[in-house]
Every structure is written in structure tokens, then in C-alpha cells.
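Peer 1: Would you be able to build a 3D model of this:
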Amino acid sequence: MFDLQGYGPILVQGTITTIKLGFASLVLGLLFGLIGALFKLSGIWILEKLANIYTTVVRGIPELLMVLFIYFGGSIILLAILKLFGYHGRVDISPFWAGVTALSVMFGAYATEVFRMAIQDIPKGQWEAAQSIGMRPAQTFFRIILPQMWMVALPGLGNLTLVLLKDTALISVVGLHDLMYYAQRAAQSTQKPFTFYLAAAFIYLLLTTVIMLFMNRFEILANPAARYAKKLRNTRGQA
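Peer 2: Prediction:
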């Protein structure tokens, strides 16, 4: 057993913050990725260029630099925009929302390519068939393409989600009181870095394990063939 010397509750508190940060970043990152993929496949030159610039720039910048840029530069940019509307006060970005922005932007850049390849994997004839029965492009996408896209995209998105969770540790450098932040503080206060960093490692490992279990379940639910195979295995096992 770990002797956490009374720091257990704050590690739990930091874990909750890490989960909130990861979940918020995942939701926004999926939205950014889906929009980026649609831009790349839109056939509109300016939208394709914007999406290409977004994915190229974000994937070429280290994650830590992105976090620092948004935390320290975001308030400057936001204040410059607000000054155009007559606001001259102080603007501060909280570490949590700076982290959510940085992580979701980074996740979205990689998810853009996952969604793009998943959409392109859908046979073109399905678009044409939907058009032939009078479906509008938006109806075709949400009713026909999107449900099938998840079957192809889920494995890649699962890997990106694991990376996202581990990248949440970077936000501690700007003062967010997450799991890594409290592990560092406890290690410094007790002079037992191995104990608290190992405890943090076990917590991250537990979270990633839970995510992998959920992703495996989602892949089965999204894939009818996988559901049938699992049901067949269970039936044979009971026989």
C-alpha cells in the first residue's frame, strides 16, 4: 500500500479535475474534427485551404507550446479583439479553459484526418442512392453517412482519446490543479517523488483502462457484424 501521508483526498480532487478537463476537450475536439473533415471534403477552395492550414499548423507544433501559447497569448488576442468594441478592461483566461481550448484544438486536428478517411471509406453509391430518392445533402450525411462513419472512425478516435487523456498532464504547467499538479506538490512537500508519481501513474493507467473498455464496447455497438459475432460466441459458450 502507498503511504500518501494525507494527500489522498487532494489526488482524488485532482483526478476529478483531470476527468472534467479530458471530457470537455473530447467533446469540443470531436466537433472541431468533424467540422475540419467536412471543410476538407466540401469542394470549396477556401474551406479546404483553411482546414489544411489548421491541421498542418497544429500537428506541427508541440503540445506544450500550444498550451503555453493559448494560456499566455490567448488573453492578449482576446483583449485586442474586445478593444475594437470599446472594452479596455482586464481579460484573464483560466487554466482550465485554456487547457480545454489547447487540447480540443490539438485533438481536432488529428480527428479531422480520422473523420475524413472514415467518410471517404463510405461507398460513393450511397450518396448517389440517397440523392436519387430526393434526400438533401444534410439529410444524407446525418441519416446515412454519419452512422456508418463511426464504425470506421472509432478505433482511431479511441487511440486519440488515450493520447488526449495523457496530454491533460501538460496543463499543470499553467497552474491547473489537476492530478499531475497535486502529485508534484505532494512530492515536493514530502520529499517522496517516487511514491506520488507512481500513484499518479496508476491513476492514469486506471483511467486509460476504463477508456479502452468503453471504446471496445462502443465499437461492438456500432458494428452490427461484431455484435452478431459476440452473440454467437456467447450462445456457443452456453451450449
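
Peer 1: neighbours around the nearest residue to residue 30 once chain neighbours are set aside, how many?
Peer 2: Excluding the flanking residues, the one nearest residue 30 by C-beta to C-beta, 6 or more residues apart in numbering is residue 111, at 6.3 Å. In short, each C-beta sits where N, CA and C put it, glycine included. Neighbours of residue 111 under the rule other C-beta atoms under 10 Å: 29.

Peer 1: Looks like residue 111 contacts residue 160 (just checking).
Peer 2: Yes - if you go by C-beta atoms under 8 Å, residue 111 and residue 160 touch, sitting 6.0 Å apart.

Peer 1: tell me, what's touching these two both at once?
Peer 2: Common contacts of residue 111 and residue 160 (C-beta atoms under 8 Å, 6 or more residues apart in numbering): residue 29.

Peer 1: okay, and for this protein, where does confidence drop off?
Peer 2: The model of the chain has pLDDT under 70 over residues 1-3, 222-239.

Peer 1: Tell me which stretches of it form helices.
Peer 2: 8-40, 45-59, 63-68, 74-83, 95-121, 124-132, 137-140, 146-167, 179-190, 193-222, 224-238 (DSSP state H).

Peer 1: Need the winner for burial among those.
Peer 2: Mean neighbour count (mean count of other C-beta atoms under 10 Å) peaks for helix 95-121 among the helices of the chain, with a mean of 22.

Peer 1: Can you give me the separation between the residue nearest the centre of the chain and residue 122?
Peer 2: The chain has residue 26 as the residue nearest its centroid, 3.2 Å off, counting by C-alpha atoms, centre = their mean. For residue 26, the distance to residue 122 equals 23 Å [C-beta to C-beta, to the nearest Å].

Peer 1: Could you do residue 7 as well?
Peer 2: Distance from residue 7 to residue 122, by C-beta to C-beta: 50 Å.

Peer 1: So for those two, which residue has more residues nearby?
Peer 2: residue 7 (22 against 17).

Peer 1: For the more buried one, which residues are in contact?
Peer 2: 182, 186, 189, 190, 196.

Peer 1: Tell me if I'm right that the first one and residue 12 touch.
Peer 2: No - Residue 182 is beyond contact range of residue 12, at 9.1 Å (criterion: C-beta under 8 Å).

Peer 1: circling back to that earlier point, got the contact list for the residue nearest to the centre of the chain?
Peer 2: 104, 107, 161, 164.

Peer 1: Pull the most distant pair out of these.
Peer 2: Using C-beta to C-beta, the two most remote members of the contacts of residue 26 are 104 and 161, lying 12.1 Å apart.
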